[in-house]
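Asker: generate a structure from the sequence data that follows.
(one chain, ligands or ions: 1)
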Amino acid sequence: MEMRQVSGFRFEVSGKGFSMRTAAVGTAMLSVLMLAGCRQDMHDQPKFFPQRGTTFYADGRSARPQVENTVARSQTHEDEYFYSGLKDGKEGDGLPLPLTPELIERGQERYNIYCTPCHSRVGNGAGMIVQRGYRPAGNFHEDRLRNAPLGHFFNVITNGYGAMPEYASQVTPEDRWAIAAYIRALQLSQNAKSSDVATGGHVEDLHAIAKDAGMQPGLADPWTLPATAIYGTPDNQDHGIPGQPGSAAAPAAAK
Ligand code: HEC
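Answerer: Next comes the predicted model:
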């Protein structure tokens, strides 16, 4: 027996014993054994391919519609108020889930993502998109919206309102309530009374705070839309859309 070294490996070369022929026979036997154990039943079983038709059902669809009068686990919307904001068909008031600091924080986060482009961070309806020409969005600090029931905000997010698109597909019902709760906090932030704060706390006018802090005059005034804001239609014609300049429903124009 001789030993050879080829590029760092040592191997033995022998005249008899293990030969290439033995190896080939062994491999063939092993393959036969393995193939015999291999069955295609799982692969070949009758099945539907997603999004492909079938001749099995009369309507030719492999995806089946929901069976009538059945409810899937995630579809139990028995709490009508939680999912619609409506009580007996009318917008209800009250939060259908516990009010916690986490909920308000979540509401703030979602509000800042989904609502501020139009309503702005302070909720006055003069967000960046509005400043660039979108129809002025609702100002949450007007009396009507301050007195609106919580269900109104849920309803508006769910179904849209006038020029505002609906956000039901992007914002879950729970998050819609969180946003509604946060809007209430925003409203309170601009209109708090002494009775709203814990004893010992005090409410100070924003103008007074700004003046004391030596900030520029007018900082605490309500925002106004810049003159560059376009308010109307591209051709400046009144197409009868409520809220356009000149129309009866126009909100107070920017000062
Ligand atoms: C693309 C811009 C846009 C976004 C984003 C938007 N809104 Fe609005 N929203 C509007 C406009 C515009 C109006 C005023 C509707 C009109 O005058 O046709 C409005 C009105 C409202 C009103 C007042 C309804 C009333 O009774 O007058 C509420 C409440 C409101 N939006 C809540 C929200 C909330 C909450 C979000 C975020 C989930 C949101 N909006 C996101 C554009 C927007």
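Asker: nearest spatial neighbour of R121, skipping sequence neighbours?
Answerer: Excluding the flanking residues, the one nearest R121 by Cβ to Cβ, 6 or more residues apart in numbering is N112, at 6.7 Å. (Glycine included, C-beta is placed from N, CA and C.)
Asker: what about the one you found, which helix or strand?
Answerer: Of the helices and strands defined by DSSP states H and E, N112 is found in helix 101-114.
Asker: now R64
Answerer: When elements are assigned from DSSP H and E, R64 belongs to no helix and no strand.
Asker: that one touches A58, doesn't it?
Answerer: No - between R64 and A58 there is no contact, the gap being 11.8 Å when judged by Cβ atoms under 8 Å.
Asker: who's more crowded, those two?
Answerer: Shown here are R64 and A58; by other Cβ atoms under 10 Å, R64 has more neighbours (9 against 6).
Asker: ok, now which ones touch the residue lying closest to G107 once chain neighbours are set aside?
Answerer: Take G107 and drop its neighbours on the chain: the residue closest to it by Cβ to Cβ, 6+ apart is Y182, 3.1 Å away. The neighbourhood of Y182, defined by Cβ atoms under 8 Å, 6 or more residues apart in numbering, consists of 104, 107-108, 110-111.
Asker: if we go to 6 Å?
Answerer: 104, 107-108, 111 (Cβ atoms under 6 Å, 6 or more residues apart in numbering).
Asker: out of those residues, grab the one that's most surrounded.
Answerer: Of all the contacts of Y182, Y111 has the most neighbours under the rule other Cβ under 10 Å, reaching 24 neighbours.
Asker: burial of L95, as a residue count?
Answerer: Residue neighbour count, defined by other Cβ under 10 Å, stands at 17 for L95.
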